[in-house]
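S.K.: Give the three-dimensional model of this entry:
(one chain, ligands or ions: 2)
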Amino acid sequence: MTDAASPRSLATFAGHVVLVGAGQMGGALLRGWLGHGLPPARITVVDPRPPANVQAIIDEHGIALDPAEPAVADVLILAVKPQIADDVMPLVRHLVGPRTVVVSVMAGKTIARLEEVFGAGTAIVRTIPNTPAAVGRGITGAAASDQVTAAQRAAVETLLSAVGRVEWLMREDWIDIVTAVSGSGPAYVFLLAEVMAKAGAAAGLPPELAARLARATVEGAGELMHRSPDVEPATLRQNVTSPNGTTHAALQVLMGAEGIDAAFVAAIAAAAKRSRELAG
Ligand SMILES: NC(=O)C1=CN([C@@H]2O[C@H](COP(=O)(O)OP(=O)(O)OC[C@H]3O[C@@H](n4cnc5c(N)ncnc54)[C@H](O)[C@@H]3O)[C@@H](O)[C@H]2O)C=CC1
Ligand SMILES: O=C(O)[C@@H]1CCC=N1
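M.R.: Ligands and ions are numbered 1, 2, ... in the order given. Sure thing, here's the model as predicted:
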């Protein structure tokens, strides 16, 4: 595993990186690479309509867009929506050669599907990052095909580490569950801030005050956990929970038979199932 706390410089990264799709996730990667010193001349972006904030970065650094003179990529990153992947992948097929490692951040798309498009001998890394990558605090699960060399694996890990941690997975089929836990996971935490705010307002607080309290609580709890790497989340929870106090009363509700455990088991199963469906 690598950690954003000890990121490697990309200033001496050898090879050309082609980013296909520079939206939320592709844009976060692009910012991370530039922030860690990857020379802009080593990057090509293929995206007909990047968001304005990403276009500004592309313009500022003079990054090549969609090469008129197709050059084979050393690392080709696919970061378009899975629903358009089957249309987009053939359009960048010419950028993939014998030395290329293709890296997908797309939910659902399997290594087997990518091999159908790019050839069975192609080195492929299937990953699932998450949006805290935008602040260098993402976590990415990654599974490599047998064709990926040690050098390609190291190169991919270096690029992914620019936006956070990397967990290499022994089994590709774990990716669907990783997607459900950490890929989609930030949404569950943001939802928590939303529902805590709504509940506070419903109980009588001014809605803006409830929203500020909920937001600061989620931010602070996340930071406390970040700064307590040796303390289990359960211990951090217990530290808040006085015997028969207010937290205990709330947790009785949240952790009851139909509570948060059961809801999360069902939610993770639903997300993993959807990830498997997106393979098609
Ligand atoms: N947003 C998230 O939390 C996560 C997203 N992902 C995956 O990342 C991928 C991208 O998702 P987002 O960045 O959220 O989507 P997005 O919609 O923000 O970005 C997709 C980008 O693809 C571009 N695009 C459209 N057609 C194209 C084409 N023909 N050639 C090149 N680029 C094209 C769009 O202009 C857009 O900039 C998806 O496959 C998703 O499953 C993975 C983990 C987390
Ligand atoms: O919702 C999705 O399909 C993507 C994959 C993980 C997070 N967002």
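
S.K.: Give the burial count for residue 62, as a bare number.
M.R.: Other residues near residue 62 come to 8 when the count uses other C-beta atoms under 10 Å. Backbone N, C-alpha and C define where each C-beta goes, glycine included.

S.K.: Give the burial count for the residue of the chain found nearest ligand 1, as a bare number.
M.R.: Closest contact between the chain and ligand 1, by C-beta to the nearest ligand atom, is at residue 23 (1.8 Å). Using other C-beta under 10 Å, residue 23 has 15 neighbouring residues.

S.K.: where does it fall, phi/psi-wise?
M.R.: The phi and psi torsions at residue 23 (degrees, to the nearest 10) take the values phi -90, psi -140.

S.K.: And for residue 141?
M.R.: phi -90, psi 140.

S.K.: And residue 71, how far from residue 21?
M.R.: For residue 71, the distance to residue 21 equals 18 Å [C-beta to C-beta, to the nearest Å].

S.K.: all helices of the stretch 101-250 of the chain, in order?
M.R.: With DSSP state H, counting those that start in this stretch as the criterion, the stretch 101-250 of the chain has helices at 111-118, 150-161, 175-178, 185-202, 207-226, 233-240, 246-254.

S.K.: need the residues of the stretch 151-280 of the chain near ligand 1, please.
M.R.: Counting by C-beta under 6 Å from any ligand atom, the stretch 151-280 of the chain comes close to ligand 1 at residue 183.

S.K.: Quick check: closest non-adjacent residue to the closest residue to ligand 2 within the stretch 151-280 of the chain.
M.R.: At 3.4 Å from ligand 2, residue 183 is the closest residue in the stretch 151-280 of the chain, using C-beta to the nearest ligand atom. Nearest residue to residue 183 in three dimensions, chain neighbours excluded: residue 128, at 4.3 Å (C-beta to C-beta, 6 or more residues apart in numbering).

S.K.: show me the contacts for residue 186.
M.R.: Contacts of residue 186 were listed using C-beta atoms under 8 Å, 6 or more residues apart in numbering, and they are 130-132.

S.K.: on that earlier part again, residues in contact with the residue of the chain closest to ligand 1?
M.R.: 47, 50-51, 54, 79-80 are the contacts of residue 23 under C-beta under 8 Å, 6+ apart.

S.K.: What number of residues are in the vicinity of residue 59?
M.R.: A count of nearby residues for residue 59, using other C-beta under 10 Å, gives 10.

S.K.: can you tell if stretch 113-131 touches ligand 1?
M.R.: Yes - remark: stretch 113-131 sits within contact range of ligand 1 at 128-131, by C-beta under 6 Å from any ligand atom.

S.K.: Dump the contacts of residue 186 into TSV; add distance to residue 151 and neighbour count as well.
M.R.: Formatted as TSV, these follow (distance: C-beta to C-beta, whole Å; neighbours: other C-beta atoms under 10 Å):
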residue	distance to residue 151	neighbour count
130	26	24
131	29	18
132	28	20
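
S.K.: Walk me through the domains of this protein.
M.R.: For the chain, the structural domains run 17-178, 185-277, going by automatic domain parsing.

S.K.: Single out the most deeply packed of those domains.
M.R.: domain 17-178 (a mean of 19; mean count of other C-beta atoms under 10 Å).

S.K.: Run the chain-centre distance for that one.
M.R.: How far domain 17-178 lies from its chain's middle: 11 Å, per C-alpha atoms, centre = their mean, to the nearest Å.

S.K.: Am I right that residue 15 is in contact with residue 42?
M.R.: Yes - counting by C-beta atoms under 8 Å, residue 15 does reach residue 42; the two are 7.1 Å apart.

S.K.: Surely residue 50 touches residue 22?
M.R.: Yes - with contact defined as C-beta under 8 Å, residue 50 reaches residue 22; the gap is 4.3 Å.
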